[in-house]
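**Student:** Return atomic coordinates for the entry below.
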Amino acid sequence: MGSNPCREIDPAFELTISRPLSAEDVIIADVINEADAMINLQVIFSGDERRVVVRIGLFPHWPTRICLPVKVAEGGRLFLRRTPGCFKSVVEGANLAAEDIRRITLSAAPETAQYLHIKDARISDSISADSQPEYTYPDEPQVDELHQWRARDWPGKTQSLDELAESLKSELTDVAPEFGSEHSQYGGWRATRLDATGWFRTHYDGERWWLVDPDGCAFWSNGVDCIRPDGGVNVSGIENMFTGEMPSIAQAPHLWTQREEGRIFHSQTYNLERALGSDWFEKWCELTRRRIIRYGFNTIANWSDEDFTQRAELPHVFTMKNFPKTEKCIFRDFPDIYSDEYTQRCEVFARQLGKIANDRRVIGYFMTNEPQWAFLTDFNLGLQLLRDECASHTRAAFIAFIKARYSSVSELNAVWGTQLKAFDDLHKKQVIKGAGHTRDTMEFTCQAIERFVRIAAEACRAVDPNHLNLGLRWAWIHSDYQLSGSQHVDVFSINFYDLRPDAEHIARLAAKTGKPLMIGEFHIGALDRGLPSGGIRNVKTMRESAEAYRYYVEHAAAIPALIGAHYFMWNDQHVMGRFDGENMQIGLHDICYRPYPEMVASCQAVNAAIPALHTGQRQPFEHKPTVVIEGSLIG
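**Tutor:** Model (predicted):
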């Protein structure tokens with residue numbers, strides 16, 4: 001197809017489509033982000049009354065070649081692989097086939113459009129495995145020998161390895177803090193006593209929900225995710241962006257991990273090892289435990305280092321791994337839940353709880369995080385099953401469900417507005433228009449999701465009857481079908497990325513589920529430190545980020561139905577991105593494991609006030625932070 005060169009981005013630059021597209025076609029564009037922070041290129045596919053948007057994070061001042069398969073509009077993959085210059089990339093929407101695409105536009109958000117320049121954009125027939133595109137790069141490496149961003153200076157940037165070593169070692173000479181006398185051994189509040197069972201449990205006092213620690217003390221889970229030495233950096237294809245040679249896999253196999261997304265180098269571990277010596281992990285564990293208590297936290301939250309968690313002897317959550325999928329999934333990670341295979345895999349999945357069954361410091365376990373099929377806000381399992389002719393146990397269950405509802409296919413046709421000749425036509429691909437099907441297909445969707453949760457939860461309960469099932473950590477709640485199965489968990493968990501939790505929304509969810517809620521992730525990062533992105537929501541300065549933490553946590557603690565909120569995350573991500581390209585300033589520490597003083601001070605003040613906030617003795621901070629779209633994951 002023809003080329004569409006341009007020098008300045010229009011509000012929506014449209015590609016010319018001169019022939020029917022196929023799934024093998026590829027959009028190739030040469031773009032550059034002239035901002036000093038990350039911005040998103042939006043590639044918008046339209047057709048067949050559907051719209052799919054791909055958001056591609058662009059690194060500042062990096063001349064970037066985009067190679068985007070048209071097939072992404074089908075939505076089978078939520079997160080795309082990182083390529084040079086393209087960082088976190090997310091697909092919003094699904095089920096738009098290549099042959100149905102009628103329009104493709106490239107754009108940026110209005111607030112960032114001035115920074116996006118497109119030099120060329122076209123549609124190519126295909127790119128074979130042996131003819132990969134020639135990617136483009138900045139002229140100089142972007143990362144220094146300590147894995148900090150070379151292009152920027154900021155307060156507290158580490159100038160040398162010796163400086164880092166001195167800073168970390170001197171902190172270890174301080175007196176180690178412990179929970180104060182007002183706290184139980186688990187960090188609960190002795191002033192509020194409830195019945196003790198020897199395990200963490202939930203309690204509703206008629207006005208508000210609580211966690212109760214094993215000693216019977218009231219507890220509100222205030223923790224941080226990803227308390228571990230390292231998140232890793234995906235170096236595949238961008239090895240020339242690093243200053244100095246990294247040790248090879250042969251020299252240091254412990255510093256490398258191979259993932260589907262690429263080769264991961266553990267740069268933060270490399271810094272710690274060089275700064276603290278061969279016993280760096282023991283020193284890191286001691287340093288980290290001290291910081292958790294000094295900052296006022298009481299929970300080691302999701303994805304934290306398991307070895308450290310056991311050494312620290314602090315309350316923690318258990319991160320379950322590999323939520324069951326079946327060999328053939330229905331859509332993204334939604335398994336064939338009516339198959340024996342799903343039931344059997346749930347039983348195997350649950351066995352991992354055996355190693356925590358007698359650990360009284362475990363608050364509970366999260367079965368999974370952010371089911372990817374639920375990112376599709378109009379997810380309808382019945383319609384999804386009919387989009388192709390793939391046989392599955394879930395499809396058979398759906399057809400049986402429909403047959404039980406209608407005495408004849410003509411009765412079904414009258415309601416759905418279809419022209420089926422027999423119920424068996426539901427084994428074939430069907431394009432269902434109109435809304436006549438909605439009551440049936442959505443009721444089946446709710447029943448199926450209840451089964452999705454129940455079978456896994458029952459398997460977990462059989463192995464571990466003592467700990468709390470903390471749920472699935474939904475990315476956000478957009479539909480009531482996500483509440484299906486909530487009766488099988490002890491806590492309904494969500495991740496809530498906004499300026500503060502919505503108290504009315506939380507109250508409605510608690511009323512509908514009959515469960516307390518826990519927030520598994522939140523953050524609001526800054527743009528004036530060592531990364532070009534401040535997260536899903538971000539502010540301009542670290543001072544504002546510290547105030548945003550206060551605003552969020554104080555409002556969270558004041559909500560009667562909330563029993564905890566966990567900050568994402570302990571350390572900053574690498575400027576060159578983790579496995580999927582995410583590169584956000586959202587940590588309490590930088591890439592060299594040095595704390596941000598503003599955040600530490602905010603954590604200490606706010607975390608100490610949580611008991612008074614949750615009991616209503618103190619009102620939350622009301623200074624709303626001012627967010628900016630530049631640098632944010634949604635911008």
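**Student:** and Q604, what element?
**Tutor:** helix 597-608 (DSSP states H and E).
**Student:** Packing partners of that helix?
**Tutor:** Helix 597-608 sits against helix 280-295, helix 542-557, with contacts defined as 3 or more C-beta pairs under 8 Å, 6 or more residues apart in numbering; DSSP states H and E. Heads up, the C-betas are built off the backbone N, CA and C, glycines and all.
**Student:** Could you list the buried residues of it?
**Tutor:** By neighbour count on 16 or more other C-beta atoms under 10 Å, the buried set for helix 597-608 is 598-600, 602-603, 606-607.
**Student:** so which of these would you say is closest to A397?
**Tutor:** Nearest to A397 out of the buried residues of helix 597-608 is N607 (C-beta to C-beta; 47.6 Å).
**Student:** I'd assumed N222 was in contact with that closest one.
**Tutor:** Yes. Judged on C-beta atoms under 8 Å, N607 makes contact with N222 at a distance of 5.6 Å.
**Student:** right, and the helices and strands packed on helix 597-608 - which one's nearest L80?
**Tutor:** helix 542-557 (28.1 Å).
**Student:** Tell me which residues are up against the closest one.
**Tutor:** For helix 542-557, contacts defined as C-beta atoms under 8 Å, 6 or more residues apart in numbering pick out 220, 222, 499-501, 503, 519, 522, 524-526, 528-529, 534, 537-539, 562, 565, 567, 596, 598-599, 601-603, 605-607, 609-610, 613-614, 620-626.
**Student:** In strands, which of those residues appear?
**Tutor:** Among the contacts of helix 542-557, the members found in strands (DSSP state E) are 222, 519, 525-526, 538-539, 562, 565, 567.
**Student:** Mutual contacts of N607 and N222, please.
**Tutor:** With C-beta under 8 Å, 6+ apart, N607 and N222 have common neighbours 296-297, 553.
**Student:** beta partners for Y204?
**Tutor:** Listed by DSSP bridges, the beta-bridge partners for Y204 are W209.
**Student:** ok, it touching G514?
**Tutor:** No. The pair Y204 / G514 is not scored as a contact, 9.3 Å apart, by C-beta under 8 Å.
**Student:** who's more crowded, those two?
**Tutor:** Per other C-beta atoms under 10 Å, whichever of Y204 and G514 has more neighbours is Y204, with 14 against 10.
**Student:** Could you list the low-confidence segments of the stretch 501-635 of the chain?
**Tutor:** 635 (pLDDT under 70).
**Student:** Which positions within the helix ranked longest in the chain qualify as buried?
**Tutor:** For the chain, the helix with the greatest residue count under DSSP state H is helix 438-463. Within helix 438-463, the residues that count as buried by 16+ other C-beta under 10 Å are 440-442, 444-457, 459-461, 463.
**Student:** Show me what it is packed up against.
**Tutor:** Short answer (3+ C-beta pairs under 8 Å, 6+ apart): helix 438-463 packs on helix 340-350, helix 381-385, helix 393-405, strand 468-469.
**Student:** Tell me the buried residues in the third one?
**Tutor:** Spelled out, that is helix 393-405. For helix 393-405, by 16+ other C-beta under 10 Å, it's 393-399, 401-402.
**Student:** Give the rounded mean pLDDT of that helix.
**Tutor:** For helix 393-405, mean pLDDT is 98.
**Student:** Which element is encountered next along the chain beyond it?
**Tutor:** With elements assigned by DSSP H and E, the helix or strand that comes after helix 393-405 is helix 409-416.
**Student:** now that following helix, how far from the chain's geometric center?
**Tutor:** In terms of C-alpha atoms, centre = their mean, to the nearest Å, the centre of helix 409-416 is found 42 Å from the chain centre.
**Student:** Let me know the average pLDDT across stretch 119-127.
**Tutor:** The model assigns stretch 119-127 a mean pLDDT of 86.
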